[in-house]
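using only what follows, build the 3D model:
(chains A, B, C and D)
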Number of protein chains: 2
Amino acid sequence: MKGDVQTPISDIEREIIAFFVNAAQSIGLPKSYGEIYGLFFASEHPLALDEVINKLQISKGSASQGIRFLKSINALNAIYLPGDRRDHYVAETSLRLIADGLINQKIAPQLREGIERLKSLKNQYEPSELAPLKSKIKNIDLWNKKAELLLPFVSKYLGPKASKNKSKKL
Amino acid sequence: MKGDVQTPISDIEREIIAFFVNAAQSIGLPKSYGEIYGLFFASEHPLALDEVINKLQISKGSASQGIRFLKSINALNAIYLPGDRRDHYVAETSLRLIADGLINQKIAPQLREGIERLKSLKNQYEPSELAPLKSKIKNIDLWNKKAELLLPFVSKYLGPKASKNKSKKL
DNA sequence: CATTTTGTACAATTATAATTGAACCTTATG
DNA sequence: CATAAGGTTCAATTATAATTGTACAAAATG
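Predicted coordinates:
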């Protein structure tokens, strides 16, 4: 089952992939991540690494890294297929779960880095040195607090409802 | 008043600028935009293009483009100073206004592009061709709708309160 | 336990995006 | 109306990030 001639992706699949490539790039992710997610999203069945490589014509390294990243933000779920050594995945279709993953893995750490940076600034200088900038620094503190409060809120707003994929008269 | 020896930026200013450089990069903006905004943010008085160039030691082109972008998202406000031909600006300190600018200038257009892309996909193919992907496409539609609703919500959440810079016993 | 399969790590390469600097408008000024 | 100052534009350069491809590690197979 190794030397299989892979079914090439269809025009529609290509367009769905293009949609996710665009989406990925617009949030600053490599295009290959968008391609990979798009491929999984459009696929009827779980896919393994080598199928991604063959269908998208990208390198092993790209495919491996892309899958790892997508796993890390919960955009791909591992599926166990008996009798196949390869790891298989399917696309997560709940916007909320993916957004949560992105928030927790990428956005929140970044935000915290900024908060730390500011904290160390406040510790590093004498109050007299800070005085002229005091109100400005206070203002950034406020921004950080707002941002921190916003994140869980976005998550809640994106809602748990999205994933309810009840097979409607399929 | 041209050949002035510019006061170099202080250590604290440098750190505030570093904070915004980090912030800019974390949302996918060029580091120079962060530098420029940081400089304005830390400044006590309005600044003009050539002061940005001198203090940050960046090129005219970068400074010009950076200022233009920051204006476009409402992160800089123009200030009129009588007797000086140069355009002066101050940093906007309301998180909400800047977030609104970013949303309107960068995020929303991108979102709409995705929606258009999807719409054209649906028009381009026969229902029979789309059938197998129908529920998936419907799902993306849902994502788009949620995202569209989320934007004004984020804006409202960031609130109008931020800018209330009442000079507290200064 | 040698061999194959699956997946990862990472230096080298390639592609993309940011920055520079010079040419060029536009408006003010004497 | 010639000159200078403020600002923009954009092709060329430089810096950054993504992608490849090879070498490697881990696990299964016979």
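
the helices in chain A, which residues?
Remark: helices assigned in chain A by DSSP state H are A:11-26, A:31-42, A:49-56, A:60-72, A:95-102, A:108-124, A:127-130, A:134-158.

closest to DNA strand D out of those?
Evaluated over these, closeness to DNA strand D peaks at helix A:60-72, with 2.2 Å, by CB to the nearest atom of the strand. In short, each C-beta sits where N, CA and C put it, glycine included.

deepest in the core, which of the helices of chain A is it.
Sort the helices of chain A by mean neighbour count, taking mean count of other CB atoms under 10 Å in any protein chain shown, and helix A:31-42 sits at the top with a mean of 23.

for that one, which helices and strands make contact with it?
On a contact count with 3 or more CB pairs under 8 Å, 6 or more residues apart in numbering or on different chains; DSSP states H and E, helix A:31-42 meets helix A:11-26, helix A:49-56, helix A:60-72, strand A:88-91.

mean pLDDT for these - can I get that in TSV?
Shown next, in TSV, are the helices and strands packed on helix A:31-42 (pLDDT from 0 to 100):
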stretch	mean pLDDT
helix A:11-26	97
helix A:49-56	98
helix A:60-72	98
strand A:88-91	98
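
can you list those in TSV and add distance to A:Lys134?
Compiled in TSV, these are given as follows (distance: least, CB to CB, whole Å):
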stretch	distance to A:Lys134
helix A:11-26	37
helix A:49-56	53
helix A:60-72	39
strand A:88-91	49
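
residue at max distance from the center of chain A?
Computed with CA atoms, centre = their mean, the residue of chain A farthest from its C-alpha average is A:Ser128, at 43.8 Å.

can you say which of the helices and strands packed on helix A:31-42 is nearest to chain B?
helix A:11-26 (4.2 Å; CB to the nearest CB).

mind saving the C-alpha coords of that closest one as CSV?
What follows is helix A:11-26, C-alpha atoms only, in CSV (Å, rounded to 0.1, in the frame of the first residue of the first chain):
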residue,chain,number,x,y,z
ASP,A,11,-10.6,21.8,-8.2
ILE,A,12,-13.0,22.4,-5.3
GLU,A,13,-10.5,21.0,-2.8
ARG,A,14,-7.9,23.4,-4.3
GLU,A,15,-10.2,26.3,-3.7
ILE,A,16,-11.0,25.3,-0.2
ILE,A,17,-7.3,25.0,0.5
ALA,A,18,-6.8,28.4,-1.1
PHE,A,19,-9.3,29.8,1.3
PHE,A,20,-7.4,28.5,4.3
VAL,A,21,-4.1,29.6,2.9
ASN,A,22,-5.5,33.1,2.7
ALA,A,23,-6.8,32.8,6.2
ALA,A,24,-3.5,31.5,7.6
GLN,A,25,-1.5,34.2,6.0
SER,A,26,-3.9,36.9,7.3
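
please compute how far it lies from its chain's middle.
In terms of CA atoms, centre = their mean, to the nearest Å, the centre of helix A:11-26 is set 15 Å apart from its chain centre.

and if you look at stretch A:72-85?
16 Å.

neighbouring contacts of that stretch?
Contacts with stretch A:72-85, where a contact means CB atoms under 8 Å, 6 or more residues apart in numbering or on different chains, come from A:37, A:40, A:46, A:48, A:67, A:70-71, A:87-92, A:97-98, A:100-102, A:104-106.

7 Å instead?
Stretch A:72-85 has contacts (CB atoms under 7 Å, 6 or more residues apart in numbering or on different chains) with A:37, A:40, A:46, A:67, A:70, A:87-92, A:97-98, A:100-102, A:105.

tell me how far the residue farthest from the centre of chain A lies from DNA strand C.
Distance of A:Ser128 to DNA strand C, given as CB to the nearest atom of the strand, to the nearest Å: 33 Å.

give me the pLDDT for that residue.
Here the pLDDT value assigned to A:Ser128 is 93.

quick one: it and A:Arg117, what's the gap?
Separation of A:Ser128 from A:Arg117 (CB to CB, to the nearest Å) stands at 21 Å.

CSV for the helices and strands packed on helix A:31-42, including distance to DNA strand C?
Listed next are the helices and strands packed on helix A:31-42 as CSV, based on distance: least, CB to the nearest atom of the strand, whole Å:
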stretch, distance to DNA strand C
helix A:11-26, 6
helix A:49-56, 3
helix A:60-72, 4
strand A:88-91, 7
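
out of the ones you listed, which comes closest to B:Ala24?
helix A:11-26 (16.7 Å; CB to CB).

any part of the closest one near DNA strand D?
No: Helix A:11-26 does not reach DNA strand D (CB under 7 Å from any atom of the strand); its nearest approach is 8.7 Å.

for A:Tyr125, which non-adjacent residue is spatially closest?
Closest residue to A:Tyr125 apart from its sequence neighbours, by CB to CB, 6 or more residues apart in numbering or on different chains: B:Ile12 at 6.0 Å.

no no, A:Glu113
The shortest distance from A:Glu113 to any residue other than its chain neighbours is 6.7 Å, reached at B:Asn22 (CB to CB, 6+ apart).

so the one you found makes contact with A:Gly114?
Yes: look at B:Asn22 against A:Gly114 with CB atoms under 7 Å: they come within range, at 6.0 Å.

any shared contact partners between these two?
Residues within reach of B:Asn22 and of A:Gly114 at once, by CB under 7 Å, 6+ apart: there are none.

burial of A:Arg85, as a residue count?
6 (other CB atoms under 10 Å in any protein chain shown).
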